[in-house]
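>>> below: sequence and its predicted model.
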Amino acid sequence: MEKEGNVCSKKGRPPKADRLITPSMSNAKKMQEIGISAEKISIIPNGFDSSIFKHVEMARERLKIPSDKKVLLSVGNLEKVKGHRYLIEAMKIVHETKPEALCYIVGDGPERKRLEKQVKNLGLAGVVKLVGAIPHDEIPLWMNACDIYVQSSISESFCIVLIEAMACGKPLVATEVEGMPEIIQNNKLGLLVPPADPTTLANAILKALESDWDREYIRKYAKRYDIVNVANKVIEVYENIAEK
């Protein structure tokens, strides 16, 4: 076995592992492009902890978020690849139509000052709030407090935070890059938009806020990514290798 992040030798040759595991079909295609046989690749998605990511009561009250607001949430390191700047720009459009909409961005990183400046320049202070880094076990509280989860990344091989949000019953708006469509496989789970397109992102957010989502369906769909199910698939791969 060999980790997906180390798929080449120093000279660029494919690894000699019997089997490689990767979380997405988009990653598997890249591995095949560098010469790894498809027969050596197992696609097993990342998993979430269902004891943590689940329905939480009184989330907004606990976070002191007004109940009459429409709340958007995005979680991730504040890096360019996460595309937060496009989400902030989209919120300018969203706010004009739905002034009751708020966007919370959880995370920290090198882009924070730039994003804070963008929020100020667009007049979105009080509309877009950069929460900063929080303990991992507090993220489910924020997910339960939101109406819609948004991921505006310009690149993302497999975004586990989308699964975690679905496990809390939240519909998604995300960019149609790499592994994202593998998660949002139908429009009952969420909406996909092109990356780096604030106008289309804003329109999708507005549509999502107006839609009647079956949140129980979303929660049940997420169960396939429960870490126990994922671990069993990994064990099966090892057992198959041991039998050969």
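Noted; the coordinates are in hand.
>>> any low-confidence regions in this structure?
Residues of the chain meeting the criterion pLDDT under 70: 1-15, 244.
>>> which residue ranges make up each domain of it?
The record assigns the chain these domain ranges, following automatic domain parsing: 4-47+225-243, 59-223.
>>> among the ones you listed, which is nearest F53?
domain 59-223 (4.0 Å; CB to CB). Heads up, the C-betas are built off the backbone N, CA and C, glycines and all.
>>> what distance separates the closest one from the centre of its chain?
The chain centroid and the centroid of domain 59-223 are separated by 9 Å under CA atoms, centre = their mean, to the nearest Å.
>>> buried set for the strand or helix carrying V228?
Per DSSP states H and E, V228 falls inside helix 227-243. Within helix 227-243, the residues that count as buried by 16 or more other CB atoms under 10 Å are V230, V237.
>>> state the number of residues packed around D137.
Close neighbours of D137, defined as other CB atoms under 10 Å, add up to 10.
>>> could you pull out the helices for this protein?
25-33, 59-63, 84-97, 112-121, 139-145, 160-167, 180-183, 198-210, 215-222, 227-243 (DSSP state H).
>>> can you give me how far the helix holding V228 is from the chain middle?
Distance, stretch centre to chain centre, for helix 227-243: 25 Å (CA atoms, centre = their mean).
>>> show the contacting residues for the residue nearest the centre of the chain.
Per CA atoms, centre = their mean, the C-alpha nearest to the average position across the chain is that of L162, at 3.3 Å. L162 sits next to Y149, Q151, L172, A174, M180, I183, I184 when contact means CB atoms under 8 Å, 6 or more residues apart in numbering.
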